[in-house]
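Participant: The amino acid sequence is not available; the structure is as follows:
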């Protein structure tokens, strides 16, 4: 496991810190290597092409596009950024859907915001939706349907990149119990996710609950519990209303994941369980500097793993399009 020294001195307080900081680059490294090998091993003459659409002036969206291009260059995947006015985007997506030379499509959101962005997500072909945001993939994810073809089980569903990145990070640091059956490996874990957006927070809570965890999903207005019932006997997660307060949820949680899109939000470390695993997927730092005094493992960002999952999804869809197995 790569990361910073697990026993270091906090220079501000001159105290010993027993916290392992895990960098996204360390987690992404093996996936990037696998993707590179897969691309080099393709027998086709055509390298997979990922097309990203940028129809806004959002600085984080552009930065994400730059990360995507850089990682694609590292792995041998072709990446093309197409910039347009937001009023032109729907037509450009339609053209890319029918272009056989385009193997994956993504959009850097927000574009219009709200329901209109959801419409755009549903406008992308299931066979090219590398972000897993169209209705088919989202519905299957929430219902714990893991294959596009449930009988043959040859085509796995595409999962949203950042939630998928979070799962891979938790696997990397050992939160998933590999002794248990796949799909139940978070049994006994309590996790709090502070974010319930439709792009990251709610999908993440659902995926974690479908894998057996009890998940407190925190929104500005309330806290919901995502779970598979006593003994995780239910086939898919359910959502229950709860009167649990944030302080109570945090005190119970083995893992706390934050994704508040505000530079002003800071989670009070004193509310956290001793030895908690703390993960931040926001563009802003949601944890205070003293998090390392409370956490056993701290993951400050997930961006590089997200991009790796994006490319992994692209290769999977490329394999479906070209009828290449196990890509």
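Facilitator: Nice, I can see it. Given the structure is predicted, the values throughout are model-derived calculations rather than measurements.
Participant: can we go C-alpha only for contacts and neighbour counts from here?
Facilitator: Noted.
Participant: what number of residues lie near residue 30?
Facilitator: Residue 30 has 12 neighbours, counted by other Cα atoms under 10 Å.
Participant: Distance-wise, check it relative to residue 300.
Facilitator: 19 Å (Cα to Cα, to the nearest Å).
Participant: Same question for residue 28.
Facilitator: Applying Cα to Cα to residue 28 and residue 300 gives a distance of 14 Å.
Participant: which stretches of the stretch 151-300 of the chain form strands?
Facilitator: Assigned by DSSP state E, counting those that start in this stretch, the strands in the stretch 151-300 of the chain fall at 190-194, 214-218, 223-227, 238-241, 255-258, 276-280, 295-299.
Participant: Switch those strands over to TSV; also include mean pLDDT and distance to residue 323.
Facilitator: Below are the strands of the stretch 151-300 of the chain laid out as TSV (pLDDT from 0 to 100; distance: least, Cα to Cα, whole Å):
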stretch	mean pLDDT	distance to residue 323
strand 190-194	98	37
strand 214-218	98	37
strand 223-227	98	36
strand 238-241	97	35
strand 255-258	98	37
strand 276-280	98	37
strand 295-299	98	37
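Participant: Dump these into JSON lines; add distance to residue 44 and mean neighbour count as well.
Facilitator: Putting the strands of the stretch 151-300 of the chain into JSON lines (distance: least, Cα to Cα, whole Å; neighbours: other Cα atoms under 10 Å) gives the following:
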{"stretch": "strand 190-194", "distance to residue 44": "42", "mean neighbour count": "25"}
{"stretch": "strand 214-218", "distance to residue 44": "43", "mean neighbour count": "26"}
{"stretch": "strand 223-227", "distance to residue 44": "43", "mean neighbour count": "23"}
{"stretch": "strand 238-241", "distance to residue 44": "43", "mean neighbour count": "14"}
{"stretch": "strand 255-258", "distance to residue 44": "41", "mean neighbour count": "24"}
{"stretch": "strand 276-280", "distance to residue 44": "39", "mean neighbour count": "24"}
{"stretch": "strand 295-299", "distance to residue 44": "38", "mean neighbour count": "21"}
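Participant: what's the closest of these to residue 149?
Facilitator: Closest approach to residue 149 among the strands of the stretch 151-300 of the chain (Cα to Cα): strand 238-241, 23.4 Å.
Participant: Pull the contacting residues for residue 297.
Facilitator: Contact analysis of residue 297 by Cα atoms under 8 Å, 6 or more residues apart in numbering lists 19-22, 275-278.
Participant: cool, and residue 229?
Facilitator: Taking Cα under 8 Å, 6+ apart as the criterion, residue 229 is in contact with 237-238.
Participant: per-residue pLDDT, it?
Facilitator: Looking at residue 229, its pLDDT stands at 95.
Participant: same check, this time on residue 4
Facilitator: For residue 4, pLDDT reads 52.
Participant: Now render the strands of the stretch 151-300 of the chain as JSON lines, adding distance to residue 175.
Facilitator: Formatted as JSON lines, those follow (distance: least, Cα to Cα, whole Å):
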{"stretch": "strand 190-194", "distance to residue 175": "11"}
{"stretch": "strand 214-218", "distance to residue 175": "13"}
{"stretch": "strand 223-227", "distance to residue 175": "17"}
{"stretch": "strand 238-241", "distance to residue 175": "22"}
{"stretch": "strand 255-258", "distance to residue 175": "9"}
{"stretch": "strand 276-280", "distance to residue 175": "9"}
{"stretch": "strand 295-299", "distance to residue 175": "11"}
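Participant: Show the residue spans covered by the helices in the stretch 101-250 of the chain.
Facilitator: With DSSP state H, counting those that start in this stretch, the ranges of helices along the stretch 101-250 of the chain come out as 114-121, 135-142, 161-172, 201-210, 246-252.
Participant: Give the buried residues for the shortest one.
Facilitator: Of the residues in helix 246-252, those buried by neighbour count under the rule 16 or more other Cα atoms under 10 Å are 246, 249-252.
Participant: likewise the first one?
Facilitator: By neighbour count with 16+ other Cα under 10 Å, helix 114-121 contains the buried residues 118, 120-121.
Participant: Is it possible to get JSON lines of those that adds pLDDT and distance to residue 164?
Facilitator: Formatted as JSON lines, the buried residues of helix 114-121 follow (pLDDT from 0 to 100; distance: Cα to Cα, whole Å):
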{"residue": "118", "pLDDT": "93", "distance to residue 164": "19"}
{"residue": "120", "pLDDT": "97", "distance to residue 164": "21"}
{"residue": "121", "pLDDT": "96", "distance to residue 164": "18"}
